[in-house]
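S.K.: Structure for the following, please:
(2 chains)
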Amino acid sequence: MAKIKVYGHPISTATRLVLCCLHEKKVEYDFVLVELSAGAHKQPQYLALNPFGVLPTIQDGDLTLFESRAIAKYLAKKYEGQGTELLGNSLSEQALVEQWSQVEGQSFNSPASTILFQILFVPMSGGSTDEAAVEMNVEKLKKVLDIYEERLSKSKYLAGDFFSLADLQHLPYLDYLVTDCGKGDLISSRKHVKAWWEDISSRPAWKKATGKTP
Amino acid sequence: MAAIKVHGYHASTLTVMVLCCLNEKEVEYELVLVDLPTGAHKKPEYLALNPFGVVPTIQDGDLTLYESRAIIRYLAKKFQGQGTNFLGSTLSEEALVYQWCEVEGQSFNPPAFSICTQILIVPMRGGSTDEAAVEMNVEKLEKVLDIYEERLSKSKYLAGDFFSLADLQHLPCTHYLVNACGKGDLISSRKHVNAWWEDISSRPTWKINFT
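M.R.: As a prediction, this is how the structure comes out:
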């Protein structure tokens, strides 16, 4: 059977999410580099796979799929029974995984990605960081992380006492915020968020996804 | 067995989307009013259910669940054998449902919601609409809808030739854009998007909430 093909780039947060998921589920894949600096993601060849021109996209047999959270969900379902269980073990647990996945996508992602964009990507393209925008989004993120702190004081992981897609979805942006944006204090100042972050970021699958181990 | 409780507000389109889903799945429920105009959603009693202080939240037995997109997925799964099938019929179809659900949540909703906020909510709170922000978000939304136009020229609904969660998720914001924000031309100017919108917005379980 042909391996899953992942079209992506190693620095792309969404690509890292999918690679981490593949490693957690112990699924082999072929990686096809989409060269961002050459604008390959906006060329007709890639747009034919993903009309939104963003990374990643996967091909699994006849199925072409984009949106990293949907890809992770598909992999978690298809490979239920091997590797790490990422969806919870009952209908109620699965519902809580969905809830916290949506919290990531709707409340966490926007301020986190804006901070990353302003601090890392704007200067890389020759512009200057909008400090007011960073400040505003740090305030938003603090409110969200206060809710996480409360949650994680009662529960080892977001959806319950089991690692799930909801936790995995937070790895890419948190890693950049802590490591490259100097925003580690957002995590380290919250006891339970800090313990949770240290736990999930030390998972072997995450280290493989970021090239920190082979 | 106790009916599912929906804590929400009748004029909140996300609440209405969850009610629509319950009706499509032929599931009984009880609507518990959270009176948004008096700030009930920010009071301790509601925050104990949903610390983010937004509606809706459901209670089903021991389970308390929020985030409307998570709620409709839970209902679609729990009641898979009855009412409308929202998830497609194969693993691949279900994957496409989730793909287009994410497109709604990540690419459609941010500009659509910003437009609705500027035109409807900001004036309600005593401010003035930021026309430049509306313009910018209309342009973003046009690019997304161009991709929808292409997709819907090949497929009756977003995930395939079957109505799904992905289409349902578009009802709330699009309803406001078309009926309250004066942005109906975004839809009506695109032949296949228009046909799709007329189809999904005329489903009795959705329409009934606005008569």
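S.K.: Name the surrounding residues that touch stretch B:76-91.
M.R.: The contact list for stretch B:76-91, computed with Cβ atoms under 8 Å, 6 or more residues apart in numbering or on different chains, reads A:74, A:77-78, A:91, A:94, B:21, B:24-27, B:60, B:72, B:93-94, B:96-97, B:159-160, B:162-165, B:168. C-beta here means a position set from N, CA and C on the backbone, and glycine is covered the same way.
S.K.: so where is chain B shaky, pLDDT-wise?
M.R.: B:1, B:211 (pLDDT under 70).
S.K.: And the lengthiest helix in it, what's buried?
M.R.: Counting by DSSP state H, the longest helix found in chain B is helix B:131-152. Residues of helix B:131-152 classed as buried: B:134, B:137-138, B:140-141, B:144-145, B:147-149, B:151-152 (neighbour count, 16 or more other Cβ atoms under 10 Å in any protein chain shown).
S.K.: How about stretch A:60-79?
M.R.: For stretch A:60-79, the neighbour count (16+ other Cβ under 10 Å) marks A:60, A:63-76, A:78-79 as buried.
S.K.: sec struct for residue 127, please.
M.R.: The chain I'm using is chain A. Classification of A:G127 using DSSP: H, G, I helix; E, B strand; the rest coil returns coil.
S.K.: right idea, wrong chain: chain B
M.R.: Using three-state DSSP, the structure places B:G127 in coil.
S.K.: Next, give phi and psi for it.
M.R.: Backbone torsions for B:G127, taken as degrees, to the nearest 10, come to phi -100, psi -180.
S.K.: Repeat that for A:N89.
M.R.: The phi/psi pair for A:N89 (degrees, to the nearest 10) reads phi -110, psi 0.
S.K.: Count the neighbours of the nearest residue to it once chain neighbours are set aside for me.
M.R.: Once flanking residues are discounted, A:N89 sits nearest to A:F162: 7.4 Å by Cβ to Cβ, 6 or more residues apart in numbering or on different chains. A count of nearby residues for A:F162, using other Cβ atoms under 10 Å in any protein chain shown, gives 19.
S.K.: B:K78 now?
M.R.: Using other Cβ under 10 Å, the number of residues around B:K78 comes to 18.
S.K.: Roughly how far does it sit from B:L87?
M.R.: To B:L87, B:K78 is 11 Å away according to Cβ to Cβ, to the nearest Å.
S.K.: and what of B:R125?
M.R.: B:R125 sits 38 Å away from B:L87, going by Cβ to Cβ.
S.K.: what element comes up after the helix or strand of chain A with the lowest mean pLDDT heading to the C-terminus?
M.R.: For chain A, using mean pLDDT, DSSP states H and E, the weakest element among its helices and strands is helix A:122-124, scoring a mean of 93. Per DSSP states H and E, helix A:122-124 leads on to helix A:131-152 as the next helix or strand towards the C-terminus.
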